[in-house]
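Visitor: Structure for the following, please:
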Amino acid sequence: PLLMKDRLIGVVYLDNRLVRGAFTPDDVEVLVSIANHIALGLETARAAALEVQVAASVRERSNLLEHATRSVGIGIALLRDDGALVEESPTLLQMTAAWPTLAAWWAQARAQGPPPAASPCPRCGHPQHLGRVTVDLSDPAGARQIFELTYTGHSHALAREGGDHVLLVSDVSERALADERLRQQSLDLINARDQAMAASRSKSAFLANMSHELRTPLNAIIGYSEILLEDSSQRAGAGDLKKIRTAGNHLLGIISSILDLTKIEAGRMELWPERFSVRALVQGVTAALETLAEKRGDRIELRIPREVGFMYTDMLKLRQVLFNLIGNAIKFTEQGTIRVGVRRWTADERELVEITVTDSGIGIAADALPRLFAEFTQADPSTTRRYGGAGLGLSIAKEIVQAHGGTTAEPVHARKQDTRQVNGAGKRMPR
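Guide: Below you'll find the predicted structure:
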């Protein structure tokens, strides 16, 4: 019998039928010795073949793993418990090619980013490291290279007996540097925005402080032109004086609008609420604009119910809003009608007053509505050449109404009709 550790693996058979007792006990002992050697040789050969198969399987798995990790740019290394490198993949060698040796790279990486705290391995109970560390290194030439080290703990299938630590290495330099540039650009944009806002506030504060310096000379010019015009109304040069007065009034209006806007931007617009009659306010504004409307051939109609009552708010600011809205309607209407309506109602326990200005003028195109209340903007650029204006009236009106807690609504568009609506919050007073 061919025996290997008491296990039968075969039989050696010899037969001599010519001579009885041809095999002596010594012959049998020799044959048994030969059988044992044959059994040992067969087992050795089989073990060698199995080892070749196992080695081939390991190489195949290793090549497959290296191909997969190389395609995604991940290097692999095995570490001992003391942190020393045992094995590494070709991809890791390529990543760290800027260092003279892999050991030199690993020493620098470990010094900057120690591994995470150890915890027991569920399989073998030995300490293992789990977690991720980012290290920002400089190669011998001084170039930055940023690596992400992922400690995955023991891998008993890949490592030797006892389970070495498996380390995954990714070169994240491009992504990390791009993130740094993006963060720096964001900081630069924030700083630029803050500087621009500070400059805008400084500009607004400067212009608001220049109110008297700009208005006083213009008022003097207008006043002297009116005095001279009264003294020389029948003499030559009266027409030029009228031009001076008209131009001065026009310039004063533009400067006043700009200064009002800068005061609003600088947060220096103050509200002085008082009790007043809504009917009296609207009638006073329309009466002041009646002459201008007649020059344009327009007619102003009022629709004010008796129960509209009183308001408690800043009357002068509300008057300015109405002058802007009604004056704007007159400017863009010829031989037409401007209707001013007022109504009061309660919403969410608040007393609200709605003032609506409707005109039969040139109207506003639908695509111009979004920029209607923008500063220094006309709905149609061609209207600036024909009708003039700085494009500030409606934007100032909107800011004033919002400061009172109210809202301004875009017009209801019809090519020959333009409706602007103001909702103002005010405390109703007894009549």
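Visitor: Which secondary structure element is home to Ile9?
Guide: Assessed by DSSP states H and E, Ile9 sits inside strand 8-10.
Visitor: ditto for Arg132
Guide: Under the criterion of DSSP H and E, Arg132 resides in strand 127-138.
Visitor: what's next to that strand, contact-wise?
Guide: Applying C-beta atoms under 8 Å, 6 or more residues apart in numbering, the contact partners of strand 127-138 are 81, 105, 108-109, 112-121, 144-154, 163, 165, 172, 176. Every residue, glycine included, has its C-beta placed from N, CA and C.
Visitor: ok, Tyr274 touching Asp314?
Guide: For residue 274 the amino acid is Glu, not Tyr. Yes. Look at Glu274 against Asp314 with C-beta atoms under 8 Å: they come within range, at 7.4 Å.
Visitor: Look at those two and report which has more neighbours.
Guide: Between Glu274 and Asp314, counted using other C-beta atoms under 10 Å, the more crowded position is Asp314 (21 against 11).
Visitor: quick one on the thing from earlier: can you list the buried residues in the strand holding Arg132?
Guide: Under the neighbour-count criterion of 16 or more other C-beta atoms under 10 Å, strand 127-138 has Gln128, His129, Leu130, Val133, Val135, Leu137 buried.
Visitor: what packs against the helix or strand containing Arg344?
Guide: Element membership for Arg344, per DSSP H and E: strand 337-347. With contacts taken as 3 or more C-beta pairs under 8 Å, 6 or more residues apart in numbering; DSSP states H and E, strand 337-347 sits against helix 278-288, strand 299-303, helix 315-331, strand 350-359.
Visitor: closest one to Leu3 among the ones you listed?
Guide: For Leu3, the closest of those is strand 350-359, at 105.9 Å, according to C-beta to C-beta.
Visitor: Please report the distance of the closest residue to Arg303 other than its chain neighbours from Leu322.
Guide: What sits nearest to Arg303 in space, not counting adjacent residues and going by C-beta to C-beta, 6 or more residues apart in numbering, is Gly341, at 4.2 Å. From Gly341 over to Leu322 the distance is 12 Å, taken as C-beta to C-beta, to the nearest Å.
Visitor: Common neighbours of these two, please.
Guide: Between them, Gly341 and Leu322 have Ile355 as joint contacts when contacts are counted by C-beta under 8 Å, 6+ apart.
Visitor: chain center to the strand holding Arg132, what's the gap?
Guide: Mean-position distance between strand 127-138 and its chain equals 31 Å (C-alpha atoms, centre = their mean, to the nearest Å).
Visitor: Parallel or antiparallel, list what pairs with it.
Guide: Paired strands of strand 127-138, with direction, are strand 118-120 (antiparallel), strand 144-154 (antiparallel) (DSSP bridges).
Visitor: Now do the helices for this structure: every range, in order, please.
Guide: Assigned by DSSP state H, the helices in the chain fall at 25-71, 90-95, 102-112, 173-209, 211-231, 238-265, 278-288, 290-295, 315-331, 381-387, 393-403.
Visitor: mean pLDDT for these: which is lowest?
Guide: Mean pLDDT is lowest for helix 381-387 among the helices of the chain, at a mean of 53.
Visitor: before we move on, the earlier item: out of Gly341 and Leu322, which sits in the more crowded spot?
Guide: The neighbour count for Gly341 versus Leu322, taken as other C-beta under 10 Å, is higher for Leu322 (21 against 17).
Visitor: gap between that one and Gly406?
Guide: Distance from Leu322 to Gly406, by C-beta to C-beta: 13 Å.
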